[in-house]
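Chemist: need a structure here:
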Amino acid sequence: MTIFPKKQFSERDICTKYIPPALERAGWDIVTQIREEFALTNGRVLVRGQLHTRAKNKRADYVLFYKPNIPIAVIEAKDNNHSLGDEMQQGLGYGEMLEVPFIFSSNGDGFLLHNKIALDGIIEREISLEEFPSPDLLWLWWSAHRGLTENQESLVIQDYYSDGSNKTPRFYQKMSALSNHPLFANFRFYI
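Modeler: Predicted coordinates:
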């Protein structure tokens, strides 16, 4: 059996061989909490005379959800010929779009964590593949930063009503419902 050096792996290889096992070890559910190649935009419409087409859409390599409809982190990956942080700027942009506080960048050797709400003041740090935080730990950091009481937290994470149609609330509906609630009048949500 021939073992390929990690430097020969493509970005997709890094995404499939190194990131999912690290997430599973940390307790993330591959089916319900992780979305790969998550589309963020449809791409701009380009018009030339009577012709039009769409530009390439923006997609995050991974978006992690604490619960369905509650994104909490973004992961961007590069091949192993790049450093851990080479995708951080792109990840930060995607994090702004989704309003999530935790951004990770990886080249398969480990992760660079950018924590926008770091209580210890250390915004960026390198962590190994084995040190990836669990969903509960990220949620604990987020809810502590927001100062949520137990009642407020249970309200934020309650499941959406489903009429059986499998439709999910649109982004602006989720944001509007939370921002207009009297408990959260002074909060800016990262969901």
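
Chemist: And the contacts of the helix or strand containing residue 103?
Modeler: Assessed by DSSP states H and E, residue 103 sits inside strand 102-106. Contact with strand 102-106 is made by 14, 18-19, 64, 72-78, 84-88, 91-92, 94-95, 111-116, 132-133, 138, 141, as judged by Cβ atoms under 8 Å, 6 or more residues apart in numbering. Yep, even glycine has a C-beta here, placed from its N, CA and C like the rest.

Chemist: which of those residues are buried?
Modeler: For the contacts of strand 102-106, a burial check counting by 16 or more other Cβ atoms under 10 Å picks out 14, 18-19, 64, 72-78, 84-88, 91-92, 94-95, 111-115, 132-133, 138, 141.

Chemist: What segments of this structure are strands?
Modeler: Listed in chain order, the strands of the chain (DSSP state E) span 34-39, 45-48, 51-54, 59-67, 70-77, 102-106, 110-115, 124-128.

Chemist: Buried deepest among the ones you listed, which one?
Modeler: strand 102-106 (a mean of 28; mean count of other Cβ atoms under 10 Å).

Chemist: State the mean pLDDT of it.
Modeler: For strand 102-106, mean pLDDT is 96.

Chemist: Using PDB, list the CA coordinates for it.
Modeler: Taking Å, rounded to 0.1, in the frame of the first residue of the first chain, the C-alpha atoms of strand 102-106 are listed here in PDB:
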ATOM      1  CA  PHE A 102     -16.300  31.200  15.600                       C
ATOM      2  CA  ILE A 103     -14.200  30.900  12.400                       C
ATOM      3  CA  PHE A 104     -11.700  28.000  11.700                       C
ATOM      4  CA  SER A 105      -9.100  27.600   9.000                       C
ATOM      5  CA  SER A 106      -7.300  24.400   8.300                       C
END
